[in-house]
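J.: pasting the sequence and the predicted coordinates here, then a few questions.
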Amino acid sequence: MEFKKIWRGVPSPVRKTIVLVVGCTLIAIGGVLIVLPGPFTLPFILGGLFVLAAEFAWAKSLLAKAQESAKKIDPRKLKKRKPEEN
């Protein structure tokens with residue numbers, strides 16, 4: 001609770017700049033991990049949206065759309081199936 005009180009005491013332009021830098025950095029890391037070999041791409045992108053949604057309305061709407069899309073995913077279909085040998 002004390003953190004929220006301190007955070008709200010920070011001037012709005014400074015707060016928005018901090019949130020923008022941290023959120024965009026997380027999204028950029030997720031974007032780089034798409035190209036480079038490595039796991040955990042999606043958590044960085046969603047984390048960046050989550051951070052941005054704390055201060056920006058447009059990010060809240062993107063996060064809501066991403067959460068709705070994530071609910072539609074069936075994890076059983078994501079497993080790679082080995083091709084059957086005849």
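T.: Sure, I can see it.
J.: for A64, pull up the helix or strand it's in.
T.: helix 57-72 (DSSP states H and E).
J.: same for that helix, what does it pack against?
T.: On a contact count with 3 or more C-beta pairs under 8 Å, 6 or more residues apart in numbering; DSSP states H and E, helix 57-72 meets helix 41-53. Heads up, the C-betas are built off the backbone N, CA and C, glycines and all.
J.: would you mind listing the buried residues in stretch 53-64?
T.: In terms of neighbour count (16 or more other C-beta atoms under 10 Å), stretch 53-64 has its buried residues at 53, 55-56, 59, 63.
J.: in those residues, find the pair that's most separated.
T.: Using C-beta to C-beta, the buried residues of stretch 53-64 reach their maximum pairwise distance at E55 and L63, which is 12.2 Å.
J.: so what touches stretch 17-26?
T.: 10, 44-45, 47-49, 51-52, 54-56, 59 (C-beta atoms under 8 Å, 6 or more residues apart in numbering).
J.: pLDDT weak spots in the protein?
T.: 38, 74-86 (pLDDT under 70).
J.: in this structure, spot the helix with the most residues.
T.: Secondary structure assigned by DSSP state H gives helix 12-35 as the longest helix of the chain.
J.: mind listing what's buried in stretch 30-47?
T.: With burial defined by 16+ other C-beta under 10 Å, the residues of stretch 30-47 counted as buried are 30, 33, 41, 44-47.
J.: closest one to F3 out of those residues, please.
T.: Among the buried residues of stretch 30-47, and counting by C-beta to C-beta, the member closest to F3 is G47, at 17.7 Å.
J.: nearest spatial neighbour of that closest one, skipping sequence neighbours?
T.: Ranked by C-beta to C-beta, 6 or more residues apart in numbering and with sequence neighbours excluded, the top spatial neighbour of G47 is L26, at 4.9 Å.
J.: circling back: turn the buried residues of stretch 30-47 into TSV, columns for distance to S69.
T.: Converted to TSV, these look like this (distance: C-beta to C-beta, whole Å):
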residue	distance to S69
G30	15
L33	19
T41	15
F44	17
I45	12
L46	11
G47	16
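J.: my guess is E55 contacts R15, does it?
T.: Yes. Contact criterion C-beta atoms under 8 Å: E55 and R15 qualify, at 6.5 Å.
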